[in-house]
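[1] I'd like to go over a predicted model; first the sequence, then the structure.
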Amino acid sequence: MTRALLGCIADDFTGATDLANNLVRAGMRVVQAMGVPTAPLDAEADAIVVALKSRTIPKDEAIAQSLAALQWLKAQGAEQIYFKYCSTFDSTAEGNIGPVTDALMQALGTDFTIATPAFPDNKRTVFKGYLFVGDVLLNESGMQNHPLTPMTDPNLVRVLQAQTASRVGLIDHGVVAQGEAAIRARIDQLKAEGVRMAVVDAVSNADLLRLGPALKGMPLVTAGSGVAIGLPGNFGVAPSNEAARLPAAQGLQAIVSGSCSVATNQQVMDFIKAGKPALAIDPLRIAAGVDVAAEALAWAEGHMGQGPVLVYSTAEPSAVRAIQGKLGSEKAGAMVEDTIAAIARGLVQRGVRQLIVAGGETSGACVQALGITQMRIGAQIDPGVPWCHAVAPDAKDGLHITLKSGNFGSTDFFTKAFAQLLA
Ligand SMILES: Nc1ncnc2c1ncn2[C@@H]1O[C@H](COP(=O)(O)OP(=O)(O)O)[C@@H](O)[C@H]1O
Ligand SMILES: O=C(O)[C@@H](O)C(=O)COP(=O)(O)O
């Protein structure tokens, strides 16, 4: 039976592999479970990441799922809990970051935690509580147009405060730069002032590595994946490449993309411009009752022998807005996710064994449709995106799969990822 030191709850599936990737690179053996398992996992691990699809669901459901994950992780012996959310702090008007954090704090009987989505390797930095994506503030980064979680305020203290009755404070960069003792002193000061959640500034990996030791013994940490680089040392684990070995790749190659994020739009364009086979699916035709999945699979069958094929609903913000205006954003999202998930399953049934899925919600839908319950984490393709290996009912021989967060990956990601598997 697995006895994990660190128990992680991720609010989406790409985010879960992102976190697992950082933990693996820091030397931890990690098992990722899809949803809350019903039994102990049969694998050795230093950390277990439970992947939920709770980012955009109603807050009461997100709380219930997160508490179930917590209970299971505690039963596996987890000494510290890590609630992972997006490096762009993706939230709906209801939350769910604040409400889930409150519920986890209450269940753990703790009165203080931190919150920081900082992930400098992917250019997410927090300064004076403001979140930057690259050189611009969050609300100028394209995230203001996200189909499900538009982010229009870059001040995380304000964003989090709007989601919770707990008092929210800030551990600013001047404190973080001084290291563990100063951070601990600031935490004591904030607690004395009645603050229960503190946004933490971090603009570099050095900041995160300074933060790590100050979090030793904190029952709950809430963060993007960046904070993970500073935690394994607290458990006596050192960086290594050993944890990232996967079986050799085989089979056909495909990409499915339901992400409409800026980076994915560029990656889709790059693949099309290279003259590779790509098929766009139209949400309005799905809504009209056309069997778009069957059409896409018939198209893919004609192209798959020659190299990777791409099926995508990825579109620019104006096109997404037009679709949402006609169908409603939730209905459009769910219909597209269901269709792409059916396509992913059909592709695997037709021999695809190297699959890229782009988009967090899309990944959740695909992994569920594929019936994948557990994944091993392999080598990083780009920061935050590793290859993973899983066994599925339609791929009993095993499948390489990568769940690409919308805004992660270089422009040539769809080509580069397959080349890396060959290397
Ligand atoms: N053309 C489109 N029009 C409207 N909604 C879309 C379209 N394509 C995808 N979607 C929906 O947008 C959402 C994208 O979210 P997600 O998969 O998490 O991508 P990302 O990781 O980029 O945020 C999904 O619910 C998806 O079904
Ligand atoms: O932290 C991150 O940015 C990612 O791990 C993540 O959660 C991204 O979510 P999507 O953009 O919805 O894929």
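    Ah, there it is. Residues are numbered from 1 along each chain as shown. Ligands and ions are numbered 1, 2, ... in the order given.
[2] find the nearest non-adjacent residue to I381, please.
    The shortest distance from I381 to any non-neighbouring residue, by C-beta to C-beta, 6 or more residues apart in numbering, is to A417 (4.9 Å). In short, each C-beta sits where N, CA and C put it, glycine included.
[3] who's in contact with the residue of the stretch 101-250 of the chain found nearest ligand 1?
    As assessed by C-beta to the nearest ligand atom, ligand 1 sits closest to P147 within the stretch 101-250 of the chain, at 3.9 Å. Going by C-beta atoms under 8 Å, 6 or more residues apart in numbering, P147 touches 260, 320, 324, 329, 332-333.
[4] enumerate the residues of the stretch 201-350 of the chain near ligand 1.
    Taking C-beta under 6 Å from any ligand atom as the test, the list of the stretch 201-350 of the chain residues beside ligand 1 reads 258-261, 264, 283, 313, 315, 320, 323-324, 332-333, 336-337.
[5] and M151, its phi and psi?
    Backbone torsions for M151, taken as degrees, to the nearest 10, come to phi -110, psi 110.
[6] could you find the closest non-adjacent residue to it?
    M143 (4.2 Å).
[7] from what I can see the one you found touches S91, true?
    No - the pair formed by M143 and S91 falls short of the contact definition of C-beta atoms under 8 Å, at 10.7 Å.
[8] where does the stretch 151-300 of the chain get nearest to ligand 2, which residue?
    In the stretch 151-300 of the chain, no residue comes nearer to ligand 2 than G224, which is 4.4 Å away by C-beta to the nearest ligand atom.
[9] what's the neighbour count on that residue?
    Using other C-beta atoms under 10 Å, G224 has 27 neighbouring residues.
[10] before we move on, what SS does A248 have?
    Using DSSP: H, G, I helix; E, B strand; the rest coil as the criterion, the local structure at A248 reads coil.
[11] gap between it and G378?
    Shown here: A248 relative to G378, a distance of 11 Å by C-beta to C-beta, to the nearest Å.
[12] out of those two, which sits in the busier spot?
    Per other C-beta under 10 Å, whichever of A248 and G378 has more neighbours is G378, with 23 against 8.
[13] how many neighbours does G217 have?
    When neighbours are counted by other C-beta under 10 Å, G217 comes out with 8.
[14] now it: phi and psi?
    Backbone phi and psi, for G217 under degrees, to the nearest 10, turn out to be phi 90, psi -10.
[15] how about E301?
    In terms of degrees, to the nearest 10, the main-chain angles of E301 are phi -60, psi -30.
[16] tell me the buried residues in stretch 131-141?
    Using 16 or more other C-beta atoms under 10 Å as the burial criterion, the residues of stretch 131-141 that qualify are 131-133, 137-139, 141.
[17] gap between it and the chain center?
    When C-alpha coordinates are averaged (C-alpha atoms, centre = their mean, to the nearest Å), stretch 131-141 and its chain have centres 19 Å apart.
[18] what's near enough to touch the residue nearest to I381?
    Counting by C-beta under 8 Å, 6+ apart, A417 makes contact with 356, 381, 385, 387, 402, 409.
[19] okay, those residues in a markdown table with secondary structure next?
    Shown next, in a markdown table, are those (three-state DSSP):
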| residue | secondary structure |
| --- | --- |
| I356 | strand |
| I381 | strand |
| V385 | strand |
| W387 | strand |
| T402 | strand |
| G409 | coil |
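[20] can those go into CSV with extra columns for pLDDT, neighbour count and distance to ligand 1?
    What follows is the contacts of A417, written out as CSV (pLDDT from 0 to 100; neighbours: other C-beta atoms under 10 Å; distance: C-beta to the nearest ligand atom, whole Å):
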residue, pLDDT, neighbour count, distance to ligand 1
I356, 98, 26, 13
I381, 96, 23, 16
V385, 97, 24, 11
W387, 96, 25, 18
T402, 98, 26, 13
G409, 97, 25, 11
